[in-house]
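> Here is the input, now give the coordinates:
(chains A, B, C and D)
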Number of protein chains: 2
Amino acid sequence: MGADRRTEILRAAARVIARHGVRGLRVAEVAAEAGISTALVYYHFKDRAGILHRTLEFISDRAERYTAAHPRRERDGDPRRDLERSLLLEFQDRPEVRENSTAWGELQATAVFDPELREALAEARLIWIGELTDTLGRIHPAAPEPARTVAAERLTATLEALSTRWLSELLPLGHARELMRDAIAVELAQLARQPAVTVFD
Amino acid sequence: MGADRRTEILRAAARVIARHGVRGLRVAEVAAEAGISTALVYYHFKDRAGILHRTLEFISDRAERYTAAHPRRERDGDPRRDLERSLLLEFQDRPEVRENSTAWGELQATAVFDPELREALAEARLIWIGELTDTLGRIHPAAPEPARTVAAERLTATLEALSTRWLSELLPLGHARELMRDAIAVELAQLARQPAVTVFD
DNA sequence: GTCTATAATACGATAGAC
DNA sequence: GTCTATCGTATTATAGAC
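Below you'll find the model as predicted:
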């Protein structure tokens, strides 16, 4: 774990974001969290916006490691189980997961007022939805692609909203997991019933 | 519309929040938006936090007027249509609606870091979900209550996430409306199929 | 009730020594 | 690479006149 300074700072920034949000991030607090001076933070990063940008990249990468990456690595496993696991991974009370979920929610919320952030967000989401669409295809190969994409969009939307509610303690973790599981079941049932429009092509 | 100063300020604050978010709200900008001095804002409100608190109440009240209130007033109409209309009301490109949607999303996002806001949020949401559960009951009286509540929770979750995506221009308005409509159809189909567990009670 | 200052401070960012 | 010290400014909040 001989992480360099830059990475240490990014990790510190991720923790600060989890506590106070993107817009509550203070450079001085990041420095304190990393145990260094503010000047050193500015030596490694151009400015506050730069810190934010890199931190969000960092978080996004980390999220891929524990969500999107999984289904791929286990392509030959039960896709139904893979789907459920990858969507439920977001609901865990581990600091690392909490941090990522919080930051992702903040990214969402911030993007409403910050056009610069939207591009990165759009890209990350496309990848995520693409992976989900693939997994859904492995479960129901007969379901037409547009229907699977729409299902994936709805599932990610549900996940994000449930995650926000969990993080603001409006929903206990177990309840959120249940609702997510139900949502998956509902979407899969829908896909199963939906006869492929192009089945005779 | 002989609104008093306080209300004028709250309206101004709502507009500012729609532009820059809760955490982007500057007291000076609220004052300018209301056409008065910052000192007068402080005469009417204790401090920045007080302005925020009252503005969110104001917005929450206004939202109830154009969503939750509607289904009630038109109880005897087609409940299926009422449901769809009340959930799609959030997706309109009118300034008032945009303001409320934006502020509601901000309320959500802010609550993750602000325990004080959670209570108001939880209350508003309970009312909202309750109304939806009722409407679902008028559509499918045979569906058991827990299933309807869960469907209502998922529908509100979907609405919030789709709203965020629309506001950050990740999803065009029409597409968001379509996804919302689909989500309603899916939930209703699910409720219709779900045989009432307590049908023989 | 409303204004024009202005105080007080929090915060981002940099200079310059080591 | 890293620090201490500090500058400049944006922002909250108040004092005091009308």
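
> after the lowest-mean-pLDDT helix or strand in chain A, next one along is what?
Ranked by mean pLDDT, DSSP states H and E, the weakest helix or strand in chain A is helix A:69-73, scoring a mean of 54. Scanning forward in sequence from helix A:69-73 by DSSP states H and E, the next helix or strand is helix A:79-88.

> ok, residue A:41 to residue B:6 distance?
42 Å (C-beta to C-beta, to the nearest Å). Any C-beta I mention is one placed from the backbone N, CA and C, and that applies to glycine too.

> Over to residue A:112?
27 Å.

> ditto for residue A:25
Distance from residue A:25 to residue B:6, by C-beta to C-beta: 33 Å.

> residues in chain A within reach of DNA strand D, list them.
Proximity of chain A to DNA strand D is confined to A:5, A:35-40, A:43 under the rule C-beta under 7 Å from any atom of the strand.

> Say whether chain B is contacted by the longest helix anywhere in chain A.
In chain A, assigned by DSSP state H, the helix with the most residues is helix A:115-139. Yes. Against chain B, helix A:115-139 shows contacts by C-beta under 8 Å from any C-beta of the partner chain at A:118, A:121-122, A:125.

> now stretch A:82-100
No. Shown here: stretch A:82-100 not in contact with chain B (C-beta under 8 Å from any C-beta), separated by at least 10.4 Å.

> Going by neighbour count, list what's buried in that stretch.
A:82-84, A:86-91, A:96-100 (16 or more other C-beta atoms under 10 Å in any protein chain shown).

> what about residue A:41 and residue B:6, which has more around it?
Comparing residue A:41 with residue B:6 by other C-beta atoms under 10 Å in any protein chain shown, the one with more neighbours is residue A:41, at 22 against 12.

> any idea which element the more buried one lies in?
If you go by DSSP H and E, residue A:41 is part of helix A:38-44.

> Give me the domain ranges for chain A.
Per automatic domain parsing, the structural domains of chain A span A:1-57, A:67-193.

> circling back: show me the contact partners of the longest helix of chain A.
By C-beta atoms under 8 Å, 6 or more residues apart in numbering or on different chains, the surrounding residues in contact with helix A:115-139 are A:53, A:56-57, A:60, A:64, A:67-68, A:71-72, A:75, A:79-80, A:82-83, A:86, A:107-108, A:110-111, A:143, A:145, A:148-149, A:151-153, A:155-156, A:187-188, A:191, B:168-170.

> Please apply the same query to stretch A:176-191.
So stretch A:176-191 is contacted by A:80, A:83-84, A:87-88, A:91, A:136, A:139-140, A:143, A:147-148, A:151, A:154-155, A:158-159, A:162-163, A:165-166, A:171, B:150, B:153-154, B:157, B:186-187, B:189-190 (C-beta under 8 Å, 6+ apart).

> Quick one, which of these are buried?
Using 16+ other C-beta under 10 Å, the buried ones in the contacts of stretch A:176-191 are A:83-84, A:87-88, A:91, A:136, A:139-140, A:143, A:147-148, A:151, A:154-155, A:158-159, A:162-163, A:165-166, A:171, B:150, B:153-154, B:157, B:186-187, B:190.

> So what touches the helix holding residue A:41?
Here helix A:38-44 makes contact (C-beta under 8 Å, 6+ apart) with A:5-6, A:9, A:27-28, A:30-31, A:34, A:51.

> quick one: buried residues of that helix?
So for helix A:38-44, counting by 16+ other C-beta under 10 Å, buried means A:41, A:44.

> for stretch A:49-66, same thing?
For stretch A:49-66, the neighbour count (16+ other C-beta under 10 Å) marks A:51-56, A:58-60, A:62-64, A:66 as buried.

> hmm, back to that, could the buried residues of stretch A:82-100 go into a markdown table alongside pLDDT?
As requested, these are arranged in a markdown table below (pLDDT from 0 to 100):
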| residue | pLDDT |
| --- | --- |
| A:82 | 91 |
| A:83 | 95 |
| A:84 | 95 |
| A:86 | 91 |
| A:87 | 95 |
| A:88 | 96 |
| A:89 | 93 |
| A:90 | 92 |
| A:91 | 96 |
| A:96 | 88 |
| A:97 | 91 |
| A:98 | 91 |
| A:99 | 90 |
| A:100 | 89 |
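
> I'd like the residues you listed as TSV, with distance to DNA strand C appended.
Output for the buried residues of stretch A:82-100, formatted as TSV (distance: C-beta to the nearest atom of the strand, whole Å):
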residue	distance to DNA strand C
A:82	41
A:83	40
A:84	40
A:86	35
A:87	34
A:88	35
A:89	32
A:90	28
A:91	31
A:96	24
A:97	26
A:98	23
A:99	19
A:100	22
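
> where does chain A have low pLDDT?
Residues of chain A meeting the criterion pLDDT under 70: A:1-2, A:65-76, A:195-201.

> residues from it in reach of DNA strand C?
Going by C-beta under 7 Å from any atom of the strand, the residues of chain A near DNA strand C are A:25-28, A:38-39, A:42, A:47-49.

> cutoff 6 Å now
Within chain A, the positions lying close to DNA strand C (C-beta under 6 Å from any atom of the strand) are A:26-28, A:38-39, A:42, A:47-48.

> In the residues you listed, find the pair that's most separated.
Comparing all pairs in the residues of chain A next to DNA strand C by C-beta to C-beta, the longest separation belongs to A:26 and A:39, at 14.7 Å.

> Rebuild the buried residues of stretch A:82-100 as a markdown table, extending it with distance to residue A:132.
Below are the buried residues of stretch A:82-100 laid out as a markdown table (distance: C-beta to C-beta, whole Å):
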| residue | distance to residue A:132 |
| --- | --- |
| A:82 | 10 |
| A:83 | 7 |
| A:84 | 12 |
| A:86 | 8 |
| A:87 | 8 |
| A:88 | 13 |
| A:89 | 13 |
| A:90 | 13 |
| A:91 | 16 |
| A:96 | 22 |
| A:97 | 18 |
| A:98 | 22 |
| A:99 | 22 |
| A:100 | 17 |
